[in-house]
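Participant: Kindly return the folded structure for what I paste below:
(one chain, ligands or ions: 1)
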Amino acid sequence: MNDSLRLLPERASNIATSYDTLFYSLTAMTAVLTIGIALTIVFFAVKYRRRRPEEFGKDTGSHVWLEITWTVIPLVICLGIFVWSAILYVGMSRAPDDAMTIQVVAKQWMWKVQHPNGRKEINELHVPLGRAVRLQMTSQDVIHSFYVPAFRIKQDVLPGRYSEEWFVPTKLGEYHLFCAEYCGTDHSRMGGRVVVMTPGDYQKWAENAALDERPEVAGARLFAEHGCVSCHGQTAPSLAGIYRHEQTLADGSRIIVDEDYLRESIIAPRAKIVAGYPPIMPSFEGQLSEEQIFQLIAYIKSLETPVGPPPAPLPLGPTQTPQPGASTP
Ligand code: CUA
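Facilitator: So this is what the prediction gives:
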C-alpha cells in the first residue's frame with residue numbers, strides 16, 4: 001500500500017498481512033452494514049412519514065421466512081468471522097518447534113532481554129530476518145504487555161507465570177516496542193525498539209557478547225551453588241532429558257514438562273510431586289530472580305545425559321506411602 005495512504009503501521013512479520021486482511025474485512029463489513037442501515041432508516045422515515053394528523057399505520061402481520069432469512073444470514077457471517085479469527089489466533093499462539101527462544105523479563109520500567117547465546121540487552125530486541133522467534137516472558141513486579149505494532153503482536157506479561165508470543169520478522173529495519181499495559185509512573189516510557197538484521201549481522205551481533213554468560217552456563221553455576229546437585233539424580237528425580245517429556249505425578253496424573261512446570265517446581269516444589277519421590281525439596285521463592293530462574297530452566301533444558309550418579313532406588317519412609325496408581329499409567 002502507498003505509504004502516504006497507510007492507515008496501519010507497516011507490516012514486518014509473517015502474520016501482519018493476514019491480520020490486516022481480517023481487520024480490513026471486518027471494518028468494511030461493519031461500514032457497509034452501518035451505512036446501509038442508516039440510509040434505510042432515513043429512507044423509511046421519509047417515505048412512511050405521517051402526512052395527515054388522522055393518519056395511522058396498518059398492521060402488516062408477520063413473515064416467517066423473512067425472519068428466518070435475516071437471522072440465518074448474520075449468523076453465518078458471524079460464525080465465518082469466528083472461524084477465520086480462531087484459525088489466525090491459534091496459529092499466532094503456538095510457536096513452531098524450531099523457533100529460537102529469547103527470554104524477556106519485564107520490570108518497572110524496562111524490558112530485559114537475553115538471547116540464547118547469552119547476550120543481554122535492555123529495551124532493545126535484535127532479531128534475525130526470516131527466523132521464527134519465540135519470546136518467553138515473565139514480569140518481576142506488575143502486569144506489563146509486550147507490544148510491537150509492526151509485527152501485529154501484543155501479549156500481556158504477568159508476574160509469577162510465563163507467557164509467550166512468536167513471530168517471523170519479514171522486513172529489515174527498526175520498529176517500535178511499547179508496553180501496552182498501564183504499569184505505573186513511567187509506563188509511557190517503557191518502550192524501545194526491535195531491530196531486524198540479516199542472519200549474518202545478527203550472528204555477528206550476538207557473538208559480541210564478551211561479558212554475557214550463556215544462560216545454561218549461569219544456570220549450571222546456580223544449580224551447584226544452591227545445592228540442587230546433591231539431591232537431583234539421587235533422592236530427587238534426575239533432571240536429564242525431562243524437558244518436553246512426560247512425568248507421572250504422585251496422584252497418578254501425567255504432565256508434559258514445560259517451562260511453567262519447571263518454574264513452579266522451583267518456586268512451589270510441593271505442588272506437583274513426581275511419583276515415587278518424597279516431597280522434600282525446599283521452595284526457592286524469593287531467593288532467585290526471574291532471570292536466575294530462566295537460567296536454571298535453560299540449564300535443565302540443556303541436559304540430555306544424566307547428571308550426577310545414577311538414581312538409586314528410593315526407600316520410602318514411614319510417612320511416604322505409595323499412592324495408588326502412582327506407578328502404573
Ligand atoms: Cu510496563 Cu506499562
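
Participant: can you pull the buried residues of the helix ranked longest in the chain?
Facilitator: Assignment by DSSP state H gives helix 16-47 as the longest helix of the chain. By neighbour count on 16 or more other C-beta atoms under 10 Å, the buried set for helix 16-47 is 16, 18-20, 22. C-beta here means a position set from N, CA and C on the backbone, and glycine is covered the same way.

Participant: average pLDDT across that helix?
Facilitator: The average pLDDT within helix 16-47 is 93.

Participant: Output the contacting helices and strands for that helix.
Facilitator: Counting by 3 or more C-beta pairs under 8 Å, 6 or more residues apart in numbering; DSSP states H and E, the packing neighbours recorded for helix 16-47 are helix 64-93.

Participant: residues of stretch 143-160 that come out buried?
Facilitator: Quick answer for stretch 143-160 (16+ other C-beta under 10 Å): 144-153, 155-158.

Participant: Tell me the one among the residues you listed nearest to the ligand.
Facilitator: His144 (3.4 Å; C-beta to the nearest ligand atom).

Participant: Contact partners for the closest one?
Facilitator: 106, 156-157, 179, 181, 183, 190 (C-beta atoms under 8 Å, 6 or more residues apart in numbering).

Participant: again, only using 7 Å
Facilitator: Residues in contact with His144 (C-beta atoms under 7 Å, 6 or more residues apart in numbering) are 106, 157, 179, 181, 183, 190.

Participant: cool, and Arg214?
Facilitator: So Arg214 contacts 117-118 (C-beta under 7 Å, 6+ apart).

Participant: Which pair of the buried residues of helix 16-47 spans the longest distance?
Facilitator: Ala16 and Leu22 (11.0 Å; C-beta to C-beta).

Participant: for the residue of the chain most remote from its centre, helix, strand, or coil?
Facilitator: Centroid-distance maximum for the chain: Glu54 at 65.7 Å, with C-alpha atoms, centre = their mean. Three-state call for Glu54 (DSSP: H, G, I helix; E, B strand; the rest coil): coil.

Participant: so what pLDDT did it get?
Facilitator: Reported pLDDT for Glu54: 84.

Participant: So which bits of the stretch 51-200 of the chain are right by the ligand?
Facilitator: Residues of the stretch 51-200 of the chain lying close to the ligand (C-beta under 6 Å from any ligand atom) are 109, 144, 179, 181-183, 187, 190.

Participant: again, only this time at 8 Å
Facilitator: 106, 108-109, 142-145, 157, 179-184, 187-188, 190 (C-beta under 8 Å from any ligand atom).

Participant: ok, of the residues you listed, which come out buried?
Facilitator: Those of those that meet the buried threshold are 106, 108-109, 142, 144-145, 157, 179-181, 183, 187, 190, by 16+ other C-beta under 10 Å.

Participant: quick one, what contacts Pro149?
Facilitator: Counted by C-beta under 7 Å, 6+ apart, Pro149 has contacts 9, 176.

Participant: can you give me phi and psi for it?
Facilitator: With angles defined as degrees, to the nearest 10, Pro149 sits at phi -60, psi -40.

Participant: Would you quantify the distance from it to Arg11?
Facilitator: Per C-beta to C-beta, to the nearest Å, Pro149 is found 10 Å from Arg11.

Participant: Could you do Thr198 as well?
Facilitator: 19 Å.

Participant: So these two - more neighbours on which side?
Facilitator: Arg11 (20 against 12; other C-beta atoms under 10 Å).

Participant: picking that back up, among the residues of the stretch 51-200 of the chain next to the ligand, which are in strands?
Facilitator: Judged by DSSP state E, strands contain the following of these: 106, 144-145, 157, 179.

Participant: What about the residue lying closest to His226 once chain neighbours are set aside, how many residues nearby?
Facilitator: Distances taken as C-beta to C-beta, 6 or more residues apart in numbering place Phe284 nearest to His226, at 6.9 Å, with adjacent residues excluded. Counted by other C-beta under 10 Å, the residues lying close to Phe284 total 18.

Participant: what's the answer for Glu165, then?
Facilitator: When neighbours are defined as other C-beta under 10 Å, Glu165 has 22 of them.

Participant: Okay, buried residues for the one helix or strand it maps to please.
Facilitator: Taking DSSP states H and E as the criterion, Glu165 maps to strand 163-167. By 16+ other C-beta under 10 Å, the buried positions in strand 163-167 come out as 163-167.

Participant: between that strand and helix 64-93, how many degrees?
Facilitator: Relative orientation of strand 163-167 and helix 64-93, computed by axes from the mean of the first three to the mean of the last three C-alpha atoms, to 10 degrees: 90 degrees.
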